[in-house]
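Chemist: Quick one, fold the following:
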Amino acid sequence: MHATTLALVGATGGAGTTRTAVELAAAGARGGRDVAVIDAAFATQGLSEYVRGRIGTDLTALVTDEAGASLSAATYPIALGGGSGRADDGDDASTLPGRADAVPARAPFERIARAKTSEAARRLERRIDEAATAYDAVLVDASPVASNEAVAAVTAAEGVAAVRPVTPHGSDALQRLRGRIADVGASVDATVAVSRGIDGETGGSAADVTLPETDPRVAVAPATATGDGAYPRAVADAYARLFDTTLEVDFSEEGLIERMRS
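Modeler: Sure, this is the predicted structure:
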């Protein structure tokens, strides 16, 4: 699949969609690409947790009160947490060869409600197109397709990847998601299975991409920015597959040896 803009849609709540989007952006930036993650999951606003410091203008403002502002007004570098337990410690993604930026939603309920209208959804589509002119790749973080902003995400993006946990429940949820996405005139182009390291995980081999278990804490993400283990390598491979490209990411020789010995 060749796509500049890719909607990542969670088949279930808590599937790991936001974390996957952040890690993919870090993989792209580590390989010298400029990548943006746009938050179209207004109800959870999870992308804001990966941004250091105070968020002023956010994406919901750009599709409501500040429709005339540039996308850059709501764009922030993704923080590199470094495992300290605080997302505002450490460096940010501007230290990577490329850019890994977030366009988060962080707003009070009243503005969130206005950002969920059909008119705001049309403005979101235009914001996605705007991002595509400034970045090599754009990832849109979307919840299961049951809101105007999620519909805008899957219809505006050039490709759609469904994210599901590696469980029977995740497989069932994926089939329901396929139906929802078909209802709005789009389709699932790829599937990403996310392992949680729990008993009963099955069906990962049926996905286009399977990501192994990793530390789920926001504070240690994105692990792919500097890591050399199985998870960063899998994310880098996922980026190349999902965007149908070749991604040159240098992993240390030590990391390779460790993987071969495991």
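
Chemist: Residue ranges in the protein under the pLDDT threshold?
Modeler: Across the chain, the ranges flagged by pLDDT under 70 are 1, 81-90, 93-94, 197-205, 253-262.

Chemist: what ranges do the helices span in it?
Modeler: With DSSP state H as the criterion, the chain has helices at 17-30, 59-62, 109-115, 118-132, 148-156, 168-183, 230-242, 253-261.

Chemist: Distance to F42 and mean neighbour count for those helices - can I get that in JSON lines?
Modeler: C-beta coordinates here come from the backbone N, C-alpha and C atoms, glycine included. Below are these laid out as JSON lines (distance: least, CB to CB, whole Å; neighbours: other CB atoms under 10 Å):
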{"stretch": "helix 17-30", "distance to F42": "12", "mean neighbour count": "29"}
{"stretch": "helix 59-62", "distance to F42": "6", "mean neighbour count": "26"}
{"stretch": "helix 109-115", "distance to F42": "5", "mean neighbour count": "15"}
{"stretch": "helix 118-132", "distance to F42": "9", "mean neighbour count": "18"}
{"stretch": "helix 148-156", "distance to F42": "6", "mean neighbour count": "24"}
{"stretch": "helix 168-183", "distance to F42": "17", "mean neighbour count": "16"}
{"stretch": "helix 230-242", "distance to F42": "23", "mean neighbour count": "21"}
{"stretch": "helix 253-261", "distance to F42": "38", "mean neighbour count": "11"}
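
Chemist: And those: which comes nearest A73?
Modeler: A73 sits nearest to helix 59-62 of all the helices of the chain, at 6.9 Å, using CB to CB.

Chemist: Only C-alpha atoms, please: export the closest one in PDB.
Modeler: Extracted in PDB, the C-alpha atoms of helix 59-62 (Å, rounded to 0.1, in the frame of the first residue of the first chain):
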ATOM      1  CA  LEU A  59      -6.600  20.400  16.900                       C
ATOM      2  CA  THR A  60     -10.200  21.000  18.100                       C
ATOM      3  CA  ALA A  61      -9.500  24.700  18.100                       C
ATOM      4  CA  LEU A  62      -8.400  24.500  14.400                       C
END
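
Chemist: thinking again about what came up before, take the helices of the chain and lay them out in TSV including distance to V218.
Modeler: Listed next are the helices of the chain as TSV, based on distance: least, CB to CB, whole Å:
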stretch	distance to V218
helix 17-30	8
helix 59-62	19
helix 109-115	21
helix 118-132	23
helix 148-156	22
helix 168-183	21
helix 230-242	15
helix 253-261	23
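
Chemist: Stretch 48-68: which residues count as buried?
Modeler: 48-52, 55, 57-64 (16 or more other CB atoms under 10 Å).

Chemist: contacts for that stretch?
Modeler: The contact list for stretch 48-68, computed with CB atoms under 8 Å, 6 or more residues apart in numbering, reads 18, 22, 38-39, 42, 69, 71, 73-74, 76-79, 87-88, 92, 102-107, 111-112, 114-115, 120-121, 123-124, 127, 218, 221-222.

Chemist: Just the ones in strands from the buried residues of stretch 48-68, please.
Modeler: Among the buried residues of stretch 48-68, no member falls in strands (DSSP state E).

Chemist: Could you dump those residues into TSV and include distance to L177?
Modeler: Listed next are these as TSV, based on distance: CB to CB, whole Å:
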residue	distance to L177
S48	24
E49	24
Y50	24
V51	27
R52	32
I55	29
T57	31
D58	26
L59	23
T60	24
A61	29
L62	27
V63	24
T64	27
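
Chemist: Would you check which pair of those residues lies furthest apart?
Modeler: R52 and T64 (24.6 Å).

Chemist: Select, out of the helices of the chain, the one closest to L6.
Modeler: It is, among these and with distance given as CB to CB, helix 230-242, at 6.0 Å.

Chemist: Can you work out which other helices and strands pack against the closest one?
Modeler: Counting contacts by 3 or more CB pairs under 8 Å, 6 or more residues apart in numbering; DSSP states H and E, helix 230-242 packs against helix 17-30, strand 190-194, strand 209-211, helix 253-261.

Chemist: which stretch among the ones you listed comes nearest S147?
Modeler: Of all the helices and strands packed on helix 230-242, helix 17-30 sits nearest to S147, with 14.2 Å by CB to CB.
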